[in-house]
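Enquirer: sequence plus predicted model, see below.
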Amino acid sequence: MPRNDSPRANRRASLVRALLCASPFMGCSADRPPPPASPAFDTDVAPILQAHCVSCHGATSPAAGWSVTSFLSTIACVEPSGAPATLPPSTAPILAALATPPHEGLLAPSDLSTLAAWVSGGAPAFMGTVHAPGIVDPRSSAFHGTLLRGQRWSQMLDPADPNACGECHAGTPASVPGVLSFAPGATACTTCHSEPGGPLACSTCHGSGTRIYPPRDLCFFPGDAPTAGAHAAHVEPSIASATGLACSTCHPVPSANAASEMIGLHGDGHVEVIFDTTKIGPEASYDSATGGCAVTCHDLGGQTPRPTWNETIAITCNSCHLSPPAGHYPGSCTNCHADANAAGTALTGSLHLNGAVVLGNGSGLCGACHGTGASPWPTTAAHPGHENPTIALPMPCSSCHPVPSSITDPTHLDGIVEVTFTGLAVARGASPVWNGTSCTSVACHGANLADPAGVPVWADPSGAAAACGACHGIPPAQHTTSMACNLSVCHGSEVAISAQGVPSMSASGETLHIDGIIEP
């Protein structure tokens, strides 16, 4: 490091001299408390645990969920009790386990005495020199996160702060100008804060590990439990959202310049609730006194229109809107909503709670509910045969159904399939009738021709109703008996004859066939 005789450089040099004898767990400060009287983890306890415990309590799938590979994992909680391994000192699980099989006798009396003294002494991480041992203990009032929060993060984020962490530690969010090397033995911030974003990862202050929302690790921060509220229900995939809601739905999310924002609004100790009104309504509000949310997400006619943040209740479809809502189309939910199961009790997609009532796949077209993609045609029964017939052009939907001018037309969502024949179906004065299973007297199927009209069965998928001869004879009655349909003096190129003598419609013939007119 270049020589610098400024007061700041002299102070840093003093710190470096102190750190030459310091533990790797320490960081920087002007405080120099006396060493603790009890054994320390790094010098006295870690070697014992490594020698006798790490084979079962290692980093990968440790027994009882408890690992001895680091200080934090050693003082963490054990399963199934969920109690901290070193608390309370009089009945600490780490000592209780060593007094019962299969751990009994595992340690020599001297090692057991050292471990007991360490626990009774508060389980310090190291022998304090520059920092007190509690600087790395989340349960301690001297924990660095607690201290930094009290200083509004200035030491971590402001390189001009006289006690800037970056004077001694690598990996700080704000580098200190002129510092070209770091204090010997000073742990880099990213050693523990290994998530993307380092110390400024959302999980550092709000969650734990890769989980970015509250609570923090309840083993170390049990006081977070009462205020964690419904974060998990909103952020994780659930009935609230099949993909989870973004934090920005309810909170302002810091930009890429998070360091400076933490000194300001983001790190001021207050929880800002600012709703994304495009998703939860323009009148959304939050009452911090009661924890109640007045948002459209919960207020669509359901049984729980005003849940409070810390309520431990199960939210179901009926909580926010009845399933189905009052006056709603009575059919299966999957008929209109791609993201719901048939009973309306679970979600399968990502359209829920996006600020809009989405029908089908959200395209806004008839095919969103009835068909596939842009096509309005259902794939059931004889619909495909009418959509893509082999002997004529596609039939318009209006031949058999009233086509609504809008989704909310009165008869459109009443749960009843309306069959009202018009257009080609009533050509030549036909009066078709639908009895629920078959169509009679439909012009498309030969009504008012010289031959008996066909009676197609709607659910018949064989295609027999679309064959030549199904609607009129081959040849039709009172017609020439010749089967040379493609003669130029007859139907010409509109009819194609196979090698076996079977007639079929050509592409040009399909435009004229079943058009309601008998062409000579």
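Expert: The structure has been received and is ready for your questions. Numbering: from 1, shown residues only.

Enquirer: residues in contact with the closest residue to residue 243 other than its chain neighbours?
Expert: Excluding its sequence neighbours, the residue lying closest to residue 243 (Cβ to Cβ, 6 or more residues apart in numbering) is residue 350, at 4.5 Å. Yep, even glycine has a C-beta here, placed from its N, CA and C like the rest. With contact set as Cβ atoms under 8 Å, 6 or more residues apart in numbering, residue 350 has these partners: 241-243, 339.

Enquirer: name the member of these with the most neighbours.
Expert: Neighbour counts for these peak at residue 241, which has 23 neighbours (criterion: other Cβ atoms under 10 Å).

Enquirer: what about the closest residue to that one other than its chain neighbours, which SS state?
Expert: Of all residues not flanking residue 241 in the chain, residue 353 sits nearest, at 5.0 Å (Cβ to Cβ, 6+ apart). Classification of residue 353 using DSSP: H, G, I helix; E, B strand; the rest coil returns coil.

Enquirer: name the helix or strand of the protein that has the lowest mean pLDDT.
Expert: helix 7-19 (a mean of 45; mean pLDDT, DSSP states H and E).

Enquirer: tell me the phi and psi of the residue nearest the centre of the chain?
Expert: Nearest residue to the geometric centre of the chain (Cα atoms, centre = their mean): residue 243, 2.3 Å. Dihedral angles of residue 243 (phi, psi; degrees, to the nearest 10) stand at phi -120, psi 0.

Enquirer: just give me the neighbour total for residue 493.
Expert: Residue 493 is flanked by 11 other residues according to other Cβ under 10 Å.

Enquirer: now for it: which residues touch it?
Expert: With Cβ under 8 Å, 6+ apart, residue 493 has these contacts: 486, 506, 508-509.

Enquirer: and the strands in the stretch 401-520 of the chain, which stretches?
Expert: Secondary structure of the stretch 401-520 of the chain (DSSP state E, counting those that start in this stretch): strands located at 433-434, 439-440, 495-497, 503-505.

Enquirer: what does the stretch 201-350 of the chain give?
Expert: Assigned by DSSP E, counting those that start in this stretch, the stretch 201-350 of the chain shows strands spanning 285-287, 292-294.

Enquirer: tell me the most buried of those strands?
Expert: Of all these, strand 292-294 carries the top mean neighbour count, a mean of 18, counting by mean count of other Cβ atoms under 10 Å.

Enquirer: circling back to that earlier point, looking at the strands of the stretch 201-350 of the chain, which is nearest to residue 468?
Expert: Among the strands of the stretch 201-350 of the chain, the nearest to residue 468 by Cβ to Cβ is strand 292-294 (65.9 Å).

Enquirer: which other helices and strands contact the closest one?
Expert: strand 285-287 (3 or more Cβ pairs under 8 Å, 6 or more residues apart in numbering; DSSP states H and E).

Enquirer: now residue 325: how far from residue 262?
Expert: 43 Å (Cβ to Cβ, to the nearest Å).

Enquirer: isn't residue 89 right next to residue 120, touching?
Expert: Yes: using Cβ atoms under 8 Å, residue 89 makes contact with residue 120 at a distance of 4.7 Å.

Enquirer: returning to that earlier point: per-residue confidence for the residue nearest to the centre of the chain?
Expert: For residue 243, the pLDDT comes out at 79.

Enquirer: try the one 5 residues further on
Expert: Per-residue confidence for residue 248 comes out at a pLDDT of 92.

Enquirer: count of residues packed around it?
Expert: The burial count for residue 248: 12, using other Cβ under 10 Å.

Enquirer: just give the closest residue to it, not the sequence neighbours.
Expert: Computed as Cβ to Cβ, 6+ apart, the closest residue to residue 248 that is not its neighbour in sequence is residue 276, at 6.0 Å.

Enquirer: looks like the one you found contacts residue 251 (just checking).
Expert: No: with contact defined as Cβ under 8 Å, residue 276 does not count as touching residue 251 (9.4 Å).
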